[in-house]
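Trainee: Need a 3D model of the sequence below.
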Amino acid sequence: MIAHSRGVAALLAATVSNLPFGTLYAFSVFLAPMEALIGAPRAQMSFVFGLATVTLTLGMNVAPRLYHRFSPGSLAVACGLSSAAGLWLAAQASSIVQFALGYGLLFGPGAGVVFILGQQAVNQTVGEARRGLANGYVVSLYPLGAMLGAPIFGWSIQAFGVRATLAGLGLAVVLGCTIAAALVRAAAIRMRDADAADDGGRRLGPTFYLLAGVFFLAAAAGLTVLSQAAAIVQAYGGAAALAVGATTFITGAVGAARVTGGWLVDHFSAARVGIGAHACSLAGALMLAVVPTPATAVFALALIGMGYGIVSGLIAGAIAQYWHRNAFGFVASRLYIAWCMAAISLPVLAGALFDHSGSYAGVVWMAAGINALGMLIARRLPART
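Mentor: Purely as a prediction, here's the structure:
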């Protein structure tokens, strides 16, 4: 009963802290108003998104060292304050440099640390039989945060302006991290099972690199959708209201797909799940390439995002199968380097190509090729150990 309560506390802590950070996936809602406010082109704004993912990944990779040296509660509060400071600076931005410093450099690291902190806490407290589902839920929190954040941001930007909206998000980040810290302290959650070995977590091996390849390819297409969904729908002729609604719908679909991916890897081989996920994204890309209409764009982008979401759940669940729970944070943080590389590849290229041609058609065909390659790599994933 005590173990169950600690698992619930860990899941709640991960929820309240990661939902505000998940609004990173609703970045596309900020594109047009920030471009107009500071006079930045689409490629520069895409660069800021890429920079935020780089610093977020750096935070993920230092997280295992930090949660072994500091209490998880204190760490969560410190990260909330540092990320909020970045958002408050971004809210004052008068140039792309200042916006990049606040949103790109300062917001990301705390988000990355808190994300790995939540994953490690969940894997230390949730039973093995449901660990894939639990991990799928945790990684779903980012798109779910974006799903909730997109309509709120759309309303807030219209009512109060983009600066007030960014400042309000900073307050939400601090509040969420503070509540998470209280939950972790109350449940006395530790970041490591002292009675068990690390079980070779630092010996990554071929399985790690196969997972990284599957993750990179799915994320390259999926992050392009999540970072520019509203802009892509508008580029295909959709109205502004449809673009904001599409962002909400797509991020919700990605969140559900992440939970599904975690559940699937509890019941089916990682290879089968990975192949099916990339096939889902491939179908979406081909649909949009063949029928380039606003309505088709919404559903096609959702399919691409869902494939990426399933792979995200697969990755989190597979780590729990291939490595010991003490090594989860270390392995996950290293795998998210592939996610980071994906974020600064096709999404940034998509922004540059749009500035040059005014179209996303070439990017859609690139996404199709990427997902076809992902299916081939996923076939090589081994059975659970």
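
Trainee: any idea how far Ala100 is from Pro33?
Mentor: Noted for Pro33: a distance of 16 Å to Ala100, by Cβ to Cβ, to the nearest Å. From N, CA and C alone the C-beta is placed, and that goes for glycine too.

Trainee: same deal with Gly73?
Mentor: Using Cβ to Cβ, which is the criterion applied here, Gly73 is 31 Å from Ala100.

Trainee: can you count the residues close to Ala85?
Mentor: Summarising burial for Ala85: neighbours were counted as other Cβ atoms under 10 Å, giving 17.

Trainee: tell me which strands and helices the strand or helix carrying it is in contact with?
Mentor: Ala85 is located in helix 72-91, with elements delineated by DSSP states H and E. The criterion is 3 or more Cβ pairs under 8 Å, 6 or more residues apart in numbering; DSSP states H and E, and the helices and strands that helix 72-91 contacts are helix 2-21, helix 42-69, helix 96-99, helix 107-125, helix 162-187.

Trainee: and if we set it to 6 Å?
Mentor: Contacts of helix 72-91 with other secondary structure elements, assessed using 3 or more Cβ pairs under 6 Å, 6 or more residues apart in numbering; DSSP states H and E, are made with helix 107-125, helix 162-187.

Trainee: In contact with Leu56: list those residues for me.
Mentor: The neighbours of Leu56, taking Cβ atoms under 6 Å, 6 or more residues apart in numbering as the test, are 108, 111-112.

Trainee: what residues does the helix holding Ala85 touch?
Mentor: Counting by Cβ under 6 Å, 6+ apart, 66, 99, 102-103, 106-107, 110-111, 113-114, 117, 163, 166-167, 169-170, 173-174, 177-178, 180-181, 184-185 sit against helix 72-91.

Trainee: thinking again about what came up before, export the contacts of Leu56 to a markdown table and tack on distance to Val233, neighbour count and pLDDT?
Mentor: Converted to a markdown table, the contacts of Leu56 look like this (distance: Cβ to Cβ, whole Å; neighbours: other Cβ atoms under 10 Å; pLDDT from 0 to 100):
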| residue | distance to Val233 | neighbour count | pLDDT |
| --- | --- | --- | --- |
| Gly108 | 26 | 26 | 93 |
| Ala111 | 26 | 30 | 95 |
| Gly112 | 29 | 27 | 94 |
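
Trainee: For this protein, which element, helix or strand, carries the lowest mean pLDDT?
Mentor: When each helix and strand of the chain is scored by mean pLDDT, DSSP states H and E, helix 346-357 comes last, with a mean of 81.

Trainee: buried residues in it?
Mentor: By neighbour count, with 16 or more other Cβ atoms under 10 Å as the criterion, the buried positions of helix 346-357 are 346-354.

Trainee: Apart from its neighbours in sequence, what residue is nearest the residue nearest to the spatial centre of the chain?
Mentor: In the chain, the C-alpha closest to the average C-alpha coordinate belongs to Tyr142, at a distance of 5.1 Å (Cα atoms, centre = their mean). Once flanking residues are discounted, Tyr142 sits nearest to Gly22: 3.6 Å by Cβ to Cβ, 6 or more residues apart in numbering.

Trainee: can I assume the one you found is in contact with Val139?
Mentor: No. Taking contact to mean Cβ atoms under 6 Å, the distance of 10.0 Å between Gly22 and Val139 leaves them out of contact.

Trainee: Packing partners of the helix or strand encompassing the residue nearest to the centre of the chain?
Mentor: Here Tyr142, judged by DSSP H and E, is contained in helix 131-160. Taking 3+ Cβ pairs under 6 Å, 6+ apart as contact, the helices and strands that helix 131-160 lies on are helix 2-21, helix 28-38, helix 107-125, helix 162-187, helix 240-267, helix 294-322.

Trainee: hmm, who's touching the helix or strand following the fifth one?
Mentor: In this case it means helix 240-267. Using DSSP H and E, the helix or strand that follows helix 240-267 towards the C-terminus is helix 270-290. With Cβ under 6 Å, 6+ apart as the contact definition, helix 270-290 has outside contacts at 214, 221, 264-265, 297, 300, 303-304, 306-307, 310-311, 314, 318, 364-365, 367-368, 371-372, 374-375, 378-379, 381.
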